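Asker: one predicted model, sequence on top.
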Amino acid sequence: MPRSWRRKPRSCTSEERELRPRQSEEIMSKPAHIGIIMDGNGRWATERGLPRAAGHRAGVEALRKVVRATGDQGVKWLTVYAFSSENWSRPPTEISDLMGLLKLFIRRDLAELHQNGVRVRIIGDRRGLAPDIRNLLEEAEALTADNTDMTLVIAFSYGSRDEIARAAAKIARMASEGEISWGQVTPETFGAFLDTAGMPDPDLIIRTGGDQRLSNFLLWQAAYAELIFLPCYWPDFGQQDLAEAIHWFEGRDRRFGGVSARDVAS
């Protein structure tokens with residue numbers, strides 16, 4: 001991990017940036033799919049003497065910039081952890097603030113996303129969502145369904161264990177009705193029952209906020225993802241930090257359990 005990310009616990013940026021040298025210029029291309037756990041909004045605000053809602057608003061601004069930067073980098077898929085299934089346990093006032101920010105983000109940014117060829121896809125459990133929220137999510141998906149330049153995946157009311165359990169329940173029901181046999185259940189067929197069906201697995205997952213865990217985010221899909229955990233809070237993450245993360249990824253030698261071409265050649 002670049003030392004510049006480790007040096008400052010409250011900021012992703014540094015005047016002096018040092019990156020681990022690439023092992024080979026031919027090892028990797030850019031990641032096709034980046035996942036981001038956008039953590040630290042509340043603590044960002046608290047450390048500045050602001051209400052937590054101010055941190056969430058700053059986080060939305062950071063998201064806008066990173067979505068644009070991701071497209072500029074040529075990355076085709078970006079999945080952001082917007083609201084987890086566990087987040088429903090937060091205080092009602094904070095949940096209300098987060099729902100309001102979601103509405104504001106979609107209403108304010110949907111036209112721009114659509115104009116820029118971004119497809120919006122939502123993953124997560126929509127059962128029990130308020131009708132206005134559910135309708136807004138469906139509207140965003142429908143409007144942008146034919147866009148092909150980039151896909152922004154919003155993980156909303158999402159938990160990976162719940163996703164896996166729902167997929168297993170679908171398969172069990174189909175098996176009991178004779179629509180599928182147990183011998184047909186492979187990792188590939190199981191993946192077709194997940195919320196992320198048809199999506200590439202993430203190549204790179206970035207988490208801000210200092211914690212070094214996935215927190216129920218894309219557990220199945222992250223089997224071979226490269227992971228970066230940053231101490232800075234999400235509102236401080238910007239375009240340069242994304243570029244550094246991609247640069248770091250390009251230097252990784254991803255063998256997927258095998259032997260790299262470089263090792264074979266040597």
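Answerer: Yep, that arrived.

Asker: any weak-confidence spans in this structure?
Answerer: 1-28, 255-266 (pLDDT under 70).

Asker: what ranges does it have for its helices?
Answerer: Under the criterion DSSP state H, helices of the chain are mapped to 3-7, 41-46, 52-72, 92-115, 131-144, 160-176, 187-191, 239-250, 261-265.

Asker: who's residue 79 bridged to?
Answerer: Beta-bridge partners of residue 79, counted by DSSP bridges, are residue 35, residue 153.

Asker: quick check: it touching residue 37?
Answerer: No - counting by Cβ atoms under 8 Å, residue 79 sits too far from residue 37 to count as a contact (9.8 Å). (C-beta placed from N, C-alpha, C; glycine too.)

Asker: what touches both of the two?
Answerer: By Cβ atoms under 8 Å, 6 or more residues apart in numbering, residue 79 and residue 37 have no common neighbours.

Asker: got a list of what residue 78 touches?
Answerer: 33-36, 66-67, 70, 150-153.

Asker: go on, residue 246?
Answerer: 30-31, 34, 73, 75, 204.

Asker: ok, which pair from those is furthest apart?
Answerer: 73 and 204 (11.3 Å; Cβ to Cβ).

Asker: quick one: which of these two has more around it?
Answerer: residue 204 (23 against 17; other Cβ atoms under 10 Å).

Asker: now the more buried one: closest residue in space that isn't a chain neighbour?
Answerer: Spatial nearest neighbour of residue 204, chain neighbours left out: residue 31 (4.4 Å); criterion: Cβ to Cβ, 6 or more residues apart in numbering.

Asker: since we're on the one you found, how many residues are nearby?
Answerer: For residue 31, using other Cβ under 10 Å, the count is 26.

Asker: tally of neighbours for residue 147?
Answerer: For residue 147, using other Cβ under 10 Å, the count is 17.

Asker: nearest residue to it in space, please, no chain neighbours.
Answerer: That would be residue 119: by Cβ to Cβ, 6+ apart, it lies 4.1 Å from residue 147.

Asker: isn't that neighbour up against residue 148?
Answerer: Yes - using Cβ under 8 Å, residue 119 is in contact with residue 148, at 7.0 Å.

Asker: higher neighbour count, those two?
Answerer: residue 119 (21 against 9).

Asker: in the sheet, which residues pair with the more buried one? Tell me.
Answerer: With DSSP bridges as the rule, residue 119 is bridged to residue 151.

Asker: report the contact partners of it.
Answerer: Applying Cβ under 8 Å, 6+ apart, the residues contacting residue 119 are 144-148, 150-152.

Asker: residue 42 too?
Answerer: 52, 55-56.

Asker: TSV for those residues, including distance to residue 224 and neighbour count?
Answerer: Listed next are the contacts of residue 42 as TSV, based on distance: Cβ to Cβ, whole Å; neighbours: other Cβ atoms under 10 Å:
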residue	distance to residue 224	neighbour count
52	35	19
55	32	21
56	32	22
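
Asker: appreciated, that's everything.
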